[in-house]
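S.K.: Need a 3D model of the sequence below.
(4 chains, ligands or ions: 4)
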Amino acid sequence: MMIASPNSFTITHQLAEHFYAQMLLIRQTEQQFLELFAQGKLNGTVHTCIGQESSAVAVVNAMDTQRDIIFSNHRAHGHFLAYCGDVEGLLAEVLGREGAVCGGIGGTQHLHAGNLYTNGIQGGIAPCATGAALAEKMKRSGAITTVFLGDGTMGQGAVYESMNIAALWQLPILFVLEDNGIAQSTPKQQEHAGDLSTRAQTFGIQTFTADSFDVLALHQTTVAAVGLVRQQQCPAFLVVNCYRLGPHSKGDDTRSPEELAAVEQRDPLRQLELQIDPEQRQLIQQSVQQRIQAAVQDVLGRPFISREGKE
Amino acid sequence: MMIASPNSFTITHQLAEHFYAQMLLIRQTEQQFLELFAQGKLNGTVHTCIGQESSAVAVVNAMDTQRDIIFSNHRAHGHFLAYCGDVEGLLAEVLGREGAVCGGIGGTQHLHAGNLYTNGIQGGIAPCATGAALAEKMKRSGAITTVFLGDGTMGQGAVYESMNIAALWQLPILFVLEDNGIAQSTPKQQEHAGDLSTRAQTFGIQTFTADSFDVLALHQTTVAAVGLVRQQQCPAFLVVNCYRLGPHSKGDDTRSPEELAAVEQRDPLRQLELQIDPEQRQLIQQSVQQRIQAAVQDVLGRPFISREGKE
Amino acid sequence: MSQQLTNLESLRSALQSAMADDETVVVFGEDILDPYGGAFKVTKGLSTAFPNRVFTTPICEGAIVGMANGLALRGMRPVAELMFGDFITLAADQLINHAAKFPAMYNGRVTLPLVVRTPMGGGRGYGPTHSQSLERMFCGVPHLSVVAPTIFHDAGKLLRAAIASDGPVVFIENKLLYPLRQQLHSTATIQHDVLDPEAEYPTVRLRNFGAGDSADVTLIANGGVSRFLPSLLERLADEEIRLQAVLPSVLSPLPPIAPLAAAAADSGRVVIAEEGIATNGWGAELAARLYESCMGRLACPIVRIGAMPTVIPAAKHLEDEILPSETTILNAILKVLS
Amino acid sequence: MSQQLTNLESLRSALQSAMADDETVVVFGEDILDPYGGAFKVTKGLSTAFPNRVFTTPICEGAIVGMANGLALRGMRPVAELMFGDFITLAADQLINHAAKFPAMYNGRVTLPLVVRTPMGGGRGYGPTHSQSLERMFCGVPHLSVVAPTIFHDAGKLLRAAIASDGPVVFIENKLLYPLRQQLHSTATIQHDVLDPEAEYPTVRLRNFGAGDSADVTLIANGGVSRFLPSLLERLADEEIRLQAVLPSVLSPLPPIAPLAAAAADSGRVVIAEEGIATNGWGAELAARLYESCMGRLACPIVRIGAMPTVIPAAKHLEDEILPSETTILNAILKVLS
Ligand SMILES: Cc1ncc(C[n+]2csc(CCOP(=O)(O)OP(=O)(O)O)c2C)c(N)n1
Ligand SMILES: Cc1ncc(C[n+]2csc(CCOP(=O)(O)OP(=O)(O)O)c2C)c(N)n1
Ligand SMILES: [Mg+2]
Ligand SMILES: [Mg+2]
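M.R.: Ligands and ions are numbered 1, 2, ... in the order given. Prediction:
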């Protein structure tokens, strides 16, 4: 919508900067996670979306974050930060400190803020999101629901059960497939027969595809998809071709150096950087860096969260 | 294969009679079940395939019953009888008498004989059949696996998980969709978005469609599908449009009289009857009737099966 | 006293009134639209009365409960029906890793008012995959309740309580109880009272003897096996055996143990009966807790009665041998008395 | 004595040898191909050694076990890996309504030699959906076995036994045991013996005292909590508390109760420990059976130890409060002694 407005040039410009700031925030927050992990300050696991930030930013910014709903998965930091920007709450969550968005219970894979819900069971969120879309349709809230799925997750039957229902009942839900071509260690070709971007066709669900390399174009495609879902009160399927620059979680990358070098070339953040006025860019970089440093310092200074008062 | 042989006319003729005999056997056996049920001699439930016998007969006769494998569901009497013809074993099973194929434990929905396996959980047999197909491929037995699914069952995610794997690994499995347009009480349009016959396309699985009204044509289509599966060692999807003339199980039909009258017009058995020489027809009818009457008498005379010796 | 409702009527009218009272209540399931009204007819009439809030679904038990989870997260009060309790295995992930997880793992910042209703139990010759009592799988799952009426409970009231609850509830309906009339009052022989009338899911006590006496035997039972009790209580009264039957309506988490333990200790002889398999069943936890609480006050080991640990045969006469009956419970009672 | 293998090495070499010995053994799971070799690396090396019999699957736990069922029905011996035990909920239907049903409902005319291996347990900060011990859901399912090695069992041998078995087995591997060395022999302090050396899935007994004496306390435990035992046995030996630990390797069906009851009665004081939630857990059935068998021979109630009945938090320090530890077991031991 913004894109199509009269001053589209300036606005595109502003949008690019806005996106850049968000993507950088996500990137650097996740890099902090990896660092904190290396320092032994963070336990468990983190699945970073390094390289895929543009998908989070393009999609979430096409939504109406005041009312719309997001379901996401194990790789949700980007969606979370694009949605609410709460770096401190997220940091506190993964570090188990006071102020954690889910009291340190959920941790990286089980996040909740506002209308955003994530879970660590691949595929299980698809029917939940479908139900949420039905709820909003029944309430006539005008809200739509977006659910983020990975290419590997398209192996789960729950996804097809959900698509069938969403199409049958014409529910306002956007299925977003973040297709990074890999699931943990397994390339897409070893997980799937046929072309994933055709998976929604049999249900009569309209499909949009775009590449995360160009965040602005992706955003534009998403705006169209979201518009369809909201106006027609029907499902849509958005396939985002994207690139996982880092390991699945931590240090478990078995891809060849050549493969890694190839995906490295597809970093949407570096690509977007080129489009931002250098002065602006530096300002943004400084501000993001300060924000994150302050957040880390703040959160690391907080006491560990306690279970007191919990049953 | 038979169809394409030199004396195709006579052989088609013989085939028609053979099919007619099998279809009639299935029809009358199931009618016996309903009668025995009405007489209170049969407990529980029976799902008859009355009107759909041609699907069982056409498909099973296209298989190599010496080695091929069948998985089926709640509506399996037709598949069972076309496969092994064991009227007595089946009768004994549903009546709980000595000689029951599954010791009276399985009952109508849980049958096993030779390489045929049925279960009463909709969708659950799809991955089992996929595994069986893999087993035979690994053993290089040349056997293919056929799995019968209903239109309603296409709502289950397990079906899509299975199709994906079958196509990914190129397994010799024929998914047969017996599309009678209804699931228990619910018409297909209230269960499914889009066109069911396109459901396998996204996996790159070749799809065949035919109507059960013409058993010979359906058989021919199945022979082609089976040939593909066996020769190419790959999955195929066969959509059989068919008509459930009776209730879902017993007396639970809520379809309108008009609807019932319309499906009544699509009885493949009556249709086939017209193609059989009247004299031959009478001979077949008599022999089937005698067979079933003798079987019923035999089985009703047997003692109830006992649990002795079972843990 | 007016004629009591059947279990089925009670449940059906509870759904009706719940939908009438609260427009966030939505109902889902396979084949539940009129005129069919569901395989067991509990939802009959609902779709006519509330056409926009009753949904017949495709056959996909996982997604049925998953959708209900999404609705519940977004402020609705979904009531999902699984046609047969045996199919709850297909919804296990949505119940355990979603419904029971969301509120707790989001640190209490969401509620999840979900009811999954489903008929369990055998006795109808439906065979191995349509006759089980699988509620035991969900007993002990934290943040999930398992509720099961007996014929001595107001089933509809329990269902209303489940719908009003802010957490997920698996609501077990025994198939053979549907047509039976609820017995909510005392009769000439049977004293009916409620141990904890204020509880969300109360525990009923039945006695075939006067208030002053103490029991010879305590039977703790749930759900479907309650249908044997009217006859059993009468029969034992004739033989002057004082039986008290304690019937919790919530199977998990167990109701407070003290009143159950008091009842157990009162007689010192205890039988636990359920229709599901007793091994690792509902009664295993109950027995362990009773032993803990009644140390030294039990005259003999608790006898647990349930289905034999095998599949449930389709043939009726074989099925009868596998499932608990009035006779197996009676024999257990006689055993603890001897 | 040669250095013992780690649990992981033992399991891995068992898979290797099972595949080498029997070409009907096939292995499935997510991400199990080399060089990755599976999330927990148990299958590492297998796909290199047996490229045609090791399959990496799409993400679809239901179909993984379903396929395995089909393979097993057709004469293969599938070993399926579920990446995390928490995902076994997605395979519940295939395990309960298919694997455990086929042989019995077909009246014994098919076998179903299936093994589903999966790592359970917490302690790694993986959070609510990657840390549970859900084996309790499958305990008591007829015709299904649940097997779980401790560090005092030869894990690989147990796995070979499971693979050799003609019925379905859920094989539980505790994540924290993987890197630990198996302790299959006695040490200066710890007497290690096997109660039933001939059993398919034997029960180990550990004692921190000499053969002539009887125990002060009997601890019956399984799987992951076994890692606390070396230290606990030593510590109690120092305090001159005679502890005997009895460790079944088959959780369901329970091994014969007599030897366990004898051990329990020997000390009269019993603690049961498991990593899963104790309520309705493995220990509930075990406790109920022990009470039945040891009527009048227990000095005090059995104490059951397990995870607290809530979700398992991601934050390590919170997780530590929820899961059983050496301290909670020690405290339980001290409690039954007091
Ligand atoms: C039901 C389930 N199975 C397996 C896993 C383990 N797992 C976590 S992420 C992942 C790969 C997911 O791949 P994809 O969907 O492509 O998402 P990506 O990681 O590439 O973002 C797997 C197998 C899980 N979390 N849930
Ligand atoms: C998992 C599961 N859900 C529901 C049922 C109950 N049920 C039995 S048959 C049936 C309808 C099946 O319809 P369809 O697949 O079209 O087969 P048809 O009965 O028409 O042959 C239903 C809902 C079941 N047996 N299993
Ligand atoms: Mg991926
Ligand atoms: Mg149908």
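
S.K.: Near ligand 1, which residues of the stretch 201-311 of chain A are found?
M.R.: When proximity is defined by CB under 6 Å from any ligand atom, the stretch 201-311 of chain A lies next to ligand 1 at A:Arg244, A:His248. C-betas here are computed from N, CA, C, even on glycine.

S.K.: give the contact list for C:Tyr36.
M.R.: Contact analysis of C:Tyr36 by CB atoms under 8 Å, 6 or more residues apart in numbering or on different chains lists B:Gln184, B:Ser185, B:Thr186, B:Asp252, B:Thr254.

S.K.: contacting residues for whichever residue of the stretch 151-300 of chain C sits closest to ligand 3?
M.R.: Relative to ligand 3, the nearest point of the stretch 151-300 of chain C is C:Pro168 (30.4 Å; CB to the ion). C:Pro168 makes contacts with C:Ala72, C:Leu95, C:Ala99, C:Ala100, C:Leu112, C:Pro113, C:Leu114, C:Val115, C:Val116, C:His143, C:Leu144, C:Ser145, as judged by CB under 8 Å, 6+ apart.

S.K.: Could you rerun that using 6 Å?
M.R.: Residues near C:Pro168 by CB atoms under 6 Å, 6 or more residues apart in numbering or on different chains: C:Ala99, C:Ala100, C:Leu112, C:Leu114, C:Leu144.

S.K.: Dihedrals phi and psi, A:Leu238?
M.R.: phi -120, psi 120 (degrees, to the nearest 10).

S.K.: how close does it sit to D:Gly70?
M.R.: Per CB to CB, to the nearest Å, A:Leu238 is found 35 Å from D:Gly70.

S.K.: quick one, which of these two is more surrounded?
M.R.: D:Gly70 (32 against 29; other CB atoms under 10 Å in any protein chain shown).

S.K.: which residue sits closest to the residue of the stretch 1-150 of chain C found nearest chain D in space, ignoring its chain neighbours?
M.R.: Residue of the stretch 1-150 of chain C nearest chain D, by CB to the nearest CB: C:Gly140 (2.8 Å). Among residues not flanking C:Gly140 along the chain, D:Asn280 sits closest, at 2.8 Å (CB to CB, 6 or more residues apart in numbering or on different chains).

S.K.: C:Ala284 is in contact with that neighbour, correct?
M.R.: No. Counting by CB atoms under 6 Å, D:Asn280 stays clear of C:Ala284, with 7.2 Å between them.

S.K.: How about residue 111, nearest residue that isn't a chain neighbour?
M.R.: Reading this off chain A. Nearest residue to A:Leu111, sequence neighbours excluded (CB to CB, 6+ apart): A:Thr118, at 4.5 Å.

S.K.: meant chain C actually
M.R.: Nearest to C:Thr111 is C:Asp166, by CB to CB, 6+ apart, at 4.2 Å.

S.K.: quick revisit: in contact with the residue of the stretch 1-150 of chain C closest to chain D, which residues are there?
M.R.: Counting by CB under 6 Å, 6+ apart, C:Gly140 has contacts C:Ser252, D:Ile277, D:Thr279, D:Asn280.

S.K.: Phi, psi for it please.
M.R.: Main-chain dihedrals, C:Gly140, degrees, to the nearest 10: phi 90, psi 0.

S.K.: Which residues does stretch C:212-229 contact?
M.R.: Outside stretch C:212-229, the residues that touch it by CB under 6 Å, 6+ apart are C:121, C:148, C:150-151, C:174, C:176, C:241-247, C:251, C:263-264, C:266-267, C:269-275, C:324, C:326, C:329, C:333.

S.K.: Now do the same for that stretch: mean pLDDT, whole number.
M.R.: Regarding stretch C:212-229, the rounded mean pLDDT is 97.

S.K.: mind listing the strands for chain C?
M.R.: C:25-29, C:54-56, C:77-81, C:115-120, C:145-147, C:169-174, C:191-194, C:204-207, C:217-221, C:243-247, C:250-252, C:270-277, C:303-307 (DSSP state E).

S.K.: and A:Lys139, which of those is closest to it?
M.R.: When the strands of chain C are compared by CB to CB, strand C:25-29 sits nearest A:Lys139, at 10.9 Å.

S.K.: can you tell me which residues contact the residue of the stretch 151-300 of chain C found nearest chain D?
M.R.: Going by CB to the nearest CB, chain D is nearest to C:Asn280 of the stretch 151-300 of chain C, at 2.8 Å. Residues in contact with C:Asn280 (CB under 6 Å, 6+ apart) are D:Cys139, D:Gly140, D:Glu285.

S.K.: returning to what we had before: in CSV: the strands of chain C, plus mean neighbour count and distance to C:Ala258.
M.R.: Below are the strands of chain C laid out as CSV (neighbours: other CB atoms under 10 Å in any protein chain shown; distance: least, CB to CB, whole Å):
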stretch, mean neighbour count, distance to C:Ala258
strand C:25-29, 25, 34
strand C:54-56, 22, 42
strand C:77-81, 27, 32
strand C:115-120, 26, 28
strand C:145-147, 26, 20
strand C:169-174, 27, 24
strand C:191-194, 15, 16
strand C:204-207, 24, 14
strand C:217-221, 27, 14
strand C:243-247, 25, 12
strand C:250-252, 25, 15
strand C:270-277, 28, 15
strand C:303-307, 24, 21
